[in-house]
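Enquirer: here are the coordinates; sequence isn't available:
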């Protein structure tokens with residue numbers, strides 16, 4: 001026999017009475033079984049709908065005016081937050097933007113001024129070296145081109161470092177008529193050049209030692225090696241070794257190179273990278289700049305051959321930048337050529353030239369402190385070349401060739417023309433008697449200064465946004481506080497409402513409608529509203545305040561009472577820790593509660609390991625006995641599963657624990673027993689008899705009385721019953737015929753179960 005939810009029929013549907021009422025079996029006071037009609041069992045859905053209707057009725061707290069006021073408050077907060085935040089944002093942004101523009105004007109002017117000062121400093125250093133040759137010739141009576149400046153290793157080094165130049169060459173003007181005399185003179189003065197070279201090497205070593213630096217050993221490239229220290233001819237770069245007039249052969253240079261690498265008598269008028277500026281010197285007697293080039297780049301400068309690049313690389317390794325070669329390797333350089341005159345009078349003539357090279361980066365270095373960053377300098381010449389530098393504090397860094405400023409600053413820049421600015425800023429404070437003009441006829445340079453985002457961020461700091469957010473956040477926080485307060489008030493009202501609704505629903509579940517209404521009306525009459533409903537909660541609710549009114553009780557004519565006791569629990573628990581005992585009980589009662597909820601069974605209480613439940617209340621249930629029988633079967637299944645799962649943790653004897661279940665059907669009195677910790681209680685002979693059914697039963701079986709058996713038979717469940725062979729003696733009842741409910745719900749183990757029940761009957765007989 002399978003005791004499941006799919007049985008063909010139930011007691012509620014087995015007997016019908018006229019008028020649509022259902023027939024329910026009842027045991028009267030004389031113990032006779034009869035059939036009577038009751039109101040149809042109220043569907044659960046109707047109760048739920050009633051609770052929802054009551055919630056809607058009680059929940060109409062907020063009026064349309066309150067919601068309009070809430071909306072007005074919210075809109076006021078939003079408008080104030082937006083207007084104040086946006087006003088602060090644009091005011092601060094405008095202030096910072098004006099500060100940014102003013103600072104750019106100031107800092108860009110400072111860069112342009114510093115650039116001009118650097119040009120003047122370089123020009124002055126080279127002019128001083130040029131004047132030194134003129135003065136020496138006039139003082140010694142020497143005739144150009146046969147002039148050699150003594151101690152050039154010192155004089156040239158001073159001019160080179162003061163002007164921040166990479167190198168400097170002195171080149172006398174030689175033509176075909178003076179060429180032979182010059183070559184003979186160069187041979188005769190080679191000793192002075194050698195002395196300068198040796199002395200320069202000594203001074204370099206001393207200087208490195210002074211600053212704690214290691215003197216680097218420099219290997220001369222093969223392309224520059226030459227056995228002839230002073231060749232007996234004037235030679236041009238990248239040709240067969242000969243040049244044509246006018247000649248500007250290198251004679252003295254700084255820094256001085258080793259003897260085997262010296263390129264005396266190299267005619268730079270044949271070098272394309274120097275020809276333009278040297279032609280301006282010879283033709284106009286003015287100083288002139290040349291194009292930009294890079295020492296590491298031969299692919300983009302067809303005029304720079306391997307020999308020339310090797311020479312530049314070698315020169316820088318002997319100059320003041322010899323210990324920072326890598327930082328200058330990719331920087332653009334430009335040559336500056338300055339004429340040397342035979343005298344200082346108005347009738348002076350060009351008799352030679354000073355040729356220097358310089359890094360543009362050094363023009364911008366050291367202008368600012370670390371606080372100024374992100375200014376972009378774009379250098380452009382009339383030959384179409386461009387180079388971009390960025391200034392961060394005292395350091396200037398070459399970015400790349402070309403113009404790399406951001407397009408958003410196209411209309412925000414400061415610009416100067418180098419030659420015009422140089423001429424316009426000249427004054428007795430900055431120019432000497434022998435000052436030489438800078439000529440723009442061959443090439444001119446322009447410098448433009450742009451801001452960058454990094455520079456802008458120094459002044460447009462984002463404080464406008466932060467302040468606006470802070471102001472807006474203040475309003476938002478205030479609004480949120482208002483919302484939280486409003487929600488708390490509403491939540492408090494909802495809690496009160498929910499409690500009232502839940503209490504009403506609980507009363508509806510526990511008692512018939514007429515009893516519920518009587519309780520509520522009685523409380524309202526005493527001015528306590530619906531708080532009386534709380535008294536119907538099962539436990540832990542003080543009811544002292546309710547004592548004094550009429551008793552809250554009801555008679556229920558057709559119920560089935562259930563008792564279950566855990567056989568062997570007392571002995572088992574005496575050897576267990578409290579935590580282990582409660583682990584078992586909590587697991588068992590939780591499973592029973594879930595089964596009760598599913599079956600529509602009302603849990604009354606638990607006492608120790610005893611579980612008491614009832615069906616047929618608070619609303620009549622025509623199938624109360626069937627429901628309870630199924631519930632009892634569920635409990636046996638649940639306890640078997642629970643003790644099986646806990647055996648490993650709680651000990652092997654845990655598996656021997658099982659339920660002893662008893663059931664009896666009949667009328668009961670139920671109500672709220674008021675006092676400290678009010679609770680719902682059942683009273684009557686039915687309760688006592690159900691308890692006797694449990695106490696006289698057998699572990700692992702369900703014993704029911706004749707009354708319960710009659711209900712099951714009426715419901716068509718007679719096949720569930722097996723008469724107990726012996727009679728049961730119950731106090732106050734005498735001998736009673738009882739029945740076992742066959743609880744086997746697993747067909748594969750039915751034979752084993754029947755065997756167990758037979759053994760249990762034999763045990764019961766022997767105990768009797």
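Expert: That came through, no problem. Computed from a predicted model, the values in this text were never measured in an experiment.
Enquirer: Relative to the whole chain's centre, how far out is stretch 79-92?
Expert: Centroid separation between stretch 79-92 and its chain, computed with Cα atoms, centre = their mean, to the nearest Å, is 28 Å.
Enquirer: Show me what the helix or strand hosting residue 631 is packed up against.
Expert: Using DSSP states H and E, residue 631 falls within helix 624-650. Helices and strands touching helix 624-650, by 3 or more Cβ pairs under 8 Å, 6 or more residues apart in numbering; DSSP states H and E, are helix 11-14, strand 552-567, helix 578-599, strand 610-615, strand 658-673, strand 702-704, helix 706-714, strand 739-741. C-beta coordinates here come from the backbone N, C-alpha and C atoms, glycine included.
Enquirer: Now render those as TSV, adding distance to residue 153, mean pLDDT and mean neighbour count.
Expert: Below are those laid out as TSV (distance: least, Cβ to Cβ, whole Å; pLDDT from 0 to 100; neighbours: other Cβ atoms under 10 Å):
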stretch	distance to residue 153	mean pLDDT	mean neighbour count
helix 11-14	124	35	19
strand 552-567	113	91	23
helix 578-599	97	91	16
strand 610-615	113	93	23
strand 658-673	114	90	24
strand 702-704	121	94	29
helix 706-714	128	93	23
strand 739-741	123	94	23
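Enquirer: and residue 384, which of those is closest to it?
Expert: helix 578-599 (89.4 Å; Cβ to Cβ).
Enquirer: so after that closest one, what's the next helix or strand?
Expert: Note on helix 578-599: by DSSP H and E, the next helix or strand toward the C-terminus is strand 602-607.
Enquirer: If you count neighbours, what's buried in that following strand?
Expert: Residues of strand 602-607 classed as buried under the neighbour-count rule (16 or more other Cβ atoms under 10 Å) are 602, 603, 604, 606.
Enquirer: Just give me how far it sits from the chain centre.
Expert: In terms of Cα atoms, centre = their mean, the centre of strand 602-607 is set 53 Å apart from its chain centre.
Enquirer: angle of it against helix 578-599?
Expert: Relative orientation of strand 602-607 versus helix 578-599 (axes from the mean of the first three to the mean of the last three Cα atoms, to 10 degrees): 170 degrees.
Enquirer: Strand 602-607 packs against which elements?
Expert: If contacts are counted by 3+ Cβ pairs under 8 Å, 6+ apart, strand 602-607 sits against helix 578-599, strand 610-615, strand 679-683.
Enquirer: Columns distance to residue 469 on top of these, output as CSV?
Expert: What follows is the helices and strands packed on strand 602-607, written out as CSV (distance: least, Cβ to Cβ, whole Å):
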stretch, distance to residue 469
helix 578-599, 52
strand 610-615, 61
strand 679-683, 58
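Enquirer: List just the one of those that sits closest to residue 81.
Expert: Of these, nearest to residue 81 by Cβ to Cβ is helix 578-599, at 50.5 Å.
Enquirer: contacting residues around the closest one?
Expert: Identification of contacts with helix 578-599 by Cβ atoms under 8 Å, 6 or more residues apart in numbering yields 564, 566, 573, 601-603, 606, 609, 611, 613, 627-628, 630-631, 634-635, 638-639, 641-643, 646, 649-650, 654, 657.
Enquirer: what angle sits between it and strand 658-673?
Expert: Using the same axes, to 10 degrees, one finds that helix 578-599 and strand 658-673 are set 70 degrees apart in direction.
Enquirer: still on that earlier bit, of the contacts of helix 578-599, grab the buried ones for ChimeraX.
Expert: Here is the ChimeraX command that picks out the buried ones among the contacts of helix 578-599, judged by 16+ other Cβ under 10 Å:
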select :564,566,573,601,602,603,606,609,611,613,627,628,630,631,634,635,638,639,642,643,646,650,654,657
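Enquirer: Same list (the helices and strands packed on helix 624-650) but as TSV, adding distance to residue 689.
Expert: As requested, these are arranged in TSV below (distance: least, Cβ to Cβ, whole Å):
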stretch	distance to residue 689
helix 11-14	20
strand 552-567	8
helix 578-599	21
strand 610-615	13
strand 658-673	4
strand 702-704	10
helix 706-714	8
strand 739-741	14
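Enquirer: Show me which of the buried residues of strand 602-607 is closest to residue 683.
Expert: Checking the buried residues of strand 602-607 against residue 683 by Cβ to Cβ gives residue 604 as the nearest, at 11.2 Å.
Enquirer: That closest one is in contact with residue 618, isn't it?
Expert: No: contact criterion Cβ atoms under 8 Å: residue 604 and residue 618 do not qualify, at 11.8 Å.
Enquirer: could you point out where the stretch 301-450 of the chain is predicted with low confidence?
Expert: Scanning the stretch 301-450 of the chain for pLDDT under 70 picks out the ranges 301-314, 322-329, 422-434.
Enquirer: what are the ranges of the strands in it?
Expert: Applying DSSP state E, counting those that start in this stretch to the stretch 301-450 of the chain gives strands spanning 332-341, 350-359, 373-381, 386-392, 395-401, 414-417, 438-439, 445-451.
Enquirer: how about those, which one is nearest residue 162?
Expert: Closest to residue 162 of those, according to Cβ to Cβ: strand 350-359, at 11.3 Å.
Enquirer: Adjacent strands (with direction) for that closest one?
Expert: According to DSSP bridges, strand 350-359 forms sheet pairs with strand 165-172 (antiparallel), strand 332-341 (antiparallel).
Enquirer: Of these, which stretch is the most buried?
Expert: strand 165-172 (a mean of 25; mean count of other Cβ atoms under 10 Å).
Enquirer: Show the average pLDDT along it.
Expert: Across strand 165-172, pLDDT averages out at 89.
Enquirer: before we move on, what about stretch 151-162?
Expert: Mean pLDDT, stretch 151-162: 87.
Enquirer: And the contacts of that stretch?
Expert: Defining contact as Cβ under 8 Å, 6+ apart, one finds that stretch 151-162 is touched by 121, 124-126, 128-129, 132, 149, 165-168, 170, 196-197, 199-200, 203, 252-256, 319-320, 356.
Enquirer: ranges for the helices of the stretch 151-300 of the chain?
Expert: 152-162, 176-188, 190-210, 272-284 (DSSP state H, counting those that start in this stretch).
Enquirer: Now the third one: buried residues?
Expert: Put plainly, it is helix 190-210. By 16+ other Cβ under 10 Å, the buried positions in helix 190-210 come out as 193, 196, 197, 200, 201, 204.
Enquirer: so which of those comes closest to residue 97?
Expert: residue 204 (52.6 Å).
Enquirer: Grab the nearest non-local neighbour of that closest one.
Expert: Among residues not flanking residue 204 along the chain, residue 215 sits closest, at 6.6 Å (Cβ to Cβ, 6 or more residues apart in numbering).
Enquirer: so who does that neighbour touch?
Expert: Residue 215 sits next to 204, 205, 208, 209 when contact means Cβ under 8 Å, 6+ apart.
Enquirer: Give me the pLDDT for it.
Expert: Note on residue 215: pLDDT of 75.
Enquirer: Hmm, residue 282 is touching residue 174, no?
Expert: No: under the criterion of Cβ under 8 Å, residue 282 makes no contact with residue 174, lying 11.8 Å away.
Enquirer: What backbone torsions are found at residue 568?
Expert: Backbone torsions for residue 568, taken as degrees, to the nearest 10, come to phi 80, psi 0.
Enquirer: Please name the residues that touch it.
Expert: Residue 568 sits next to 656, 657, 658, 699 when contact means Cβ under 8 Å, 6+ apart.
Enquirer: Can you tell me which of the residues you listed comes closest to residue 391?
Expert: Nearest to residue 391 among the contacts of residue 568 is residue 657, at 88.1 Å by Cβ to Cβ.
Enquirer: check contacts around that closest one.
Expert: So residue 657 contacts 566, 567, 568, 569, 572, 584, 639, 643 (Cβ under 8 Å, 6+ apart).
Enquirer: Just the closest of those to residue 95, please.
Expert: residue 584 (75.4 Å).
Enquirer: Please tell me how far that closest one sits from residue 568.
Expert: Per Cβ to Cβ, to the nearest Å, residue 584 is found 12 Å from residue 568.
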